[in-house]
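Undergrad: Sequence first, predicted model second:
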Amino acid sequence: MKILIRNVQTVVPSADAFAVQKCDILIDGDRIASLDGTGATGCDRMIDGSGKLAIPGLVNAHTHAYMTLLRNSADDQPFHKWLFDRVMPMEERLRPGDCYWSTLLGICEMLRTGTTTFLDMYMIPDDTARAVADSGIRAVISRGLQGQTADDEGGLRRIREAKHDIETYGGTAEGRLGFMLAPHAPYTCAPEYLRYVTETAAQLGVGIHTHLSESRGEVETIREKYGCTPVEMMEKAGLFSRKTAAAHCVHLTKNDMRILREWNVSVLTNPASNLKLGNGFAPVPELLEAGVNVALGTDGAASNNALNMFHEMNLLALIHKGTHMDAVSVSSLEAFTAATRGGARALDLPIGEIAVGKKADVVLLDLSCPQMNPQTNLLSSLVYSANGSEVDTVIVNGRVLLDRRALMTIDEERVRYENRKIFERIGC
Ligand code: NI
């Protein structure tokens, strides 16, 4: 399939990170073939880009799409009560098949707000992979793993399930589906188990996705148990020898930041989730200063409660200005970079930029929306005034998934119906 998007203002890479210029974007197969229309003969489709802004598809670098079903069902609770008394009991009632529908609901929301790739930590085998394959979105998915010893039966079963998914779905979905292993957190995985997970990841050739230093309680628990910080504990267990993407990293010491930089660990910051659960926020200015790659995520819908990357970019750019009392702390360009290039780096994928040779993941925003006018600084408007409702057309891997606001691959009415039915059974 060959698609030409004509005469469109486009966010392209530049010396200052990003700039806006008029382009004719040619998509050939799953890649961006040219930005000046070169080679645009025999196109299957022409899209008129006038009045639109083309941006690289946003990368939601940390979520649990299966939790979309739990949206608004565990709000205003302390972190431990939220997790152990509300979320986990509902998760235990989930059956095979349920998370397919819940994940699809999350995918509907992500596509409608310009996310074309997500990094997911999931619970139930098969469901997430099938939802990604069927919807056309791009994702790296990782089975959540927990284990107190290297031979913990539950922990081993989860690893077997992760292997099953990688063997079953690896290489499917036109290459849109990647895998990692996801040891859940330092407080749910003992060091011996982390060592075993690391060995398994090396055998499978995949990276690591984890939660790290999310709450003050976690830091205290790990210090009491192991006499070190959660980051130090994971380093000692050897986890960072695999390419690692670590969500949260809210409570860090200077030494923790040095370790993250040294091992090239990507920090996946989730401003809304950290604020909502009363955990604080990651020290993003200090991490950027230390040279750590920062990506941006929404976390699950039970702790956000939206999977909207425009909200996250806005929060990321505002929080640090307020708390540091410094109006230049985390610029709009830095927030946009975290939501695009930062995510691409964390996932090691050729996405996050509209450039020749990159995967054709392109989002068109409608510039007639009042909040995008006057069009004096479009890069700034993406972070400070856009809210996701401007998203008009979404292309992933060279395929149009949202066409003038209509989802092409998902029956949204069915998705809403199935989610309602499942929640009637599992809700508490
Ligand atoms: Ni999470």
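TA: Structure's in. What do you need? Source: prediction; values computed, not measured.
Undergrad: Distance-wise, check the residue lying closest to D36 once chain neighbours are set aside relative to I395.
TA: Nearest residue to D36, sequence neighbours excluded (Cβ to Cβ, 6 or more residues apart in numbering): D24, at 6.0 Å. (C-beta placed from N, C-alpha, C; glycine too.) Counting by Cβ to Cβ, to the nearest Å, the separation of D24 from I395 is 15 Å.
Undergrad: returning to what we had before: in what helix or strand does the residue nearest to D36 lie?
TA: strand 17-28 (DSSP states H and E).
Undergrad: For that strand, name the packing helices and strands.
TA: Counting contacts by 3 or more Cβ pairs under 8 Å, 6 or more residues apart in numbering; DSSP states H and E, strand 17-28 packs against strand 2-14, strand 31-34, strand 52-56, helix 332-337, helix 378-384.
Undergrad: just to revisit the earlier point, isn't the residue nearest to D36 right up against A40?
TA: Yes: with contact defined as Cβ atoms under 8 Å, D24 reaches A40; the gap is 6.8 Å.
Undergrad: shared neighbours of those two, which are they?
TA: Common contacts of D24 and A40 (Cβ atoms under 8 Å, 6 or more residues apart in numbering): 4, 34.
Undergrad: quick revisit: any idea which of the helices and strands packed on strand 17-28 is most buried?
TA: strand 52-56 (a mean of 25; mean count of other Cβ atoms under 10 Å).
Undergrad: Show me what the mean pLDDT comes to for the helix or strand that that one is followed by.
TA: Next in sequence after strand 52-56, counting helices and strands by DSSP H and E, comes strand 58-63. Across strand 58-63, the average pLDDT comes to 98.
Undergrad: Please point out which parts of the helix or strand harbouring E167 sit buried.
TA: In this assignment (DSSP H and E), E167 forms part of helix 153-169. Neighbour counts over helix 153-169 (16 or more other Cβ atoms under 10 Å) mark 155-156, 158-159, 161-163, 165-166, 169 as buried.
Undergrad: Please apply the same query to stretch 402-417.
TA: Of all the residues in stretch 402-417, those buried under the rule 16+ other Cβ under 10 Å are 402, 407, 409-410, 415.
Undergrad: First residue to last residue on it, what's the distance there?
TA: End-to-end distance for stretch 402-417, by Cα to Cα, to the nearest Å: 21 Å.
Undergrad: Can you tell me how far the closest residue to R345 other than its chain neighbours is from D361?
TA: Nearest non-adjacent residue to R345, counting by Cβ to Cβ, 6+ apart: N293, 4.9 Å away. Separation of N293 from D361 (Cβ to Cβ): 19 Å.
Undergrad: do the same with N314
TA: In terms of Cβ to Cβ, N314 sits 21 Å off from D361.
Undergrad: Tell me, how many residues neighbour the residue nearest to R345?
TA: Using other Cβ atoms under 10 Å, the number of residues around N293 comes to 22.
Undergrad: pretty sure it is touching A346, no?
TA: Yes: if you go by Cβ under 8 Å, N293 and A346 touch, sitting 6.3 Å apart.
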